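> got a predicted structure here, sequence first:
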Amino acid sequence: MKVLIAEDDLSSRKFLYKFLSQYGECDLVVDGLEALDAFLISLKEHQPYDLICLDIMMPKVDGVKVLKHIKDLETQKGIIPEKRSKIIMTTALAETQIVQNAFEIGCDAYAAKPIDTTKFIEVLKKLGLIE
């Protein structure tokens with residue numbers, strides 16, 4: 001599994017990297033612009049991400065805007081829904097409206113920080129990313 005972790009908080013980034021590295025190859029970025037760049041490069045190299053973990057509150061471009069750009073790009077490129085990157089929004093915020101908006105745009109799941117690894121594994125299984 002190929003994973004992109006977009007997280008500006010160092011401890012959250014390290015935690016997700018350590019946790020998700022056992023399931024696949026992880027790339028790390030610290031802001032929304034880097035996340036979009038990494039996503040575009042993965043498409044250009046025909047090696048799209050299976051999973052993208054997007055922090056909602058990031059510098060330069062927030063996670064919800066990144067999510068919208070990714071979904072728009074996948075649509076423009078004609079990528080069928082089954083082949084699209086699974087996107088999990090991560091946040092310390094309890095902003096139900098922001099989370100609702102992210103689901104309307106097309107995120108696949110939401111994980112509150114601090115991340116509960118047991119629940120996260122269940123989500124990965126449900127999304128068909130791990131056995």
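That came in fine, so what should we check first?
> contacts and neighbour counts: CA atoms only from here.
Fine.
> next SSE after the helix or strand of the chain with the lowest mean pLDDT?
Every helix and strand of the chain was ranked by mean pLDDT, DSSP states H and E. The lowest is helix 96-105, at a mean of 89. Remark: after helix 96-105, the chain's next helix or strand is strand 109-112, criterion DSSP states H and E.
> what is the rounded mean pLDDT of that next one?
Per-residue pLDDT over strand 109-112 has a mean of 92.
> ok, that strand: who's next to it in the sheet?
Sheet pairing of strand 109-112 (DSSP bridges) gives strand 86-91 (parallel).
> and the partner strand, how far out from the chain middle?
4 Å (CA atoms, centre = their mean, to the nearest Å).
> pull the residues that contact that strand.
Strand 86-91 has contacts (CA atoms under 8 Å, 6 or more residues apart in numbering) with 50-57, 63, 67, 99, 102, 107-113, 127.
> what's the local residue count around residue 71?
By the criterion of other CA atoms under 10 Å, residue 71 has 20 neighbours.
> that one touches residue 106, doesn't it?
Yes: between residue 71 and residue 106 there is a contact under CA atoms under 8 Å: 7.0 Å.
> where along the chain do the helices fall?
10-21, 32-44, 63-76, 96-105, 117-126 (DSSP state H).
> worst average pLDDT in those helices?
Mean pLDDT values for these show the minimum at helix 96-105, a mean of 89.
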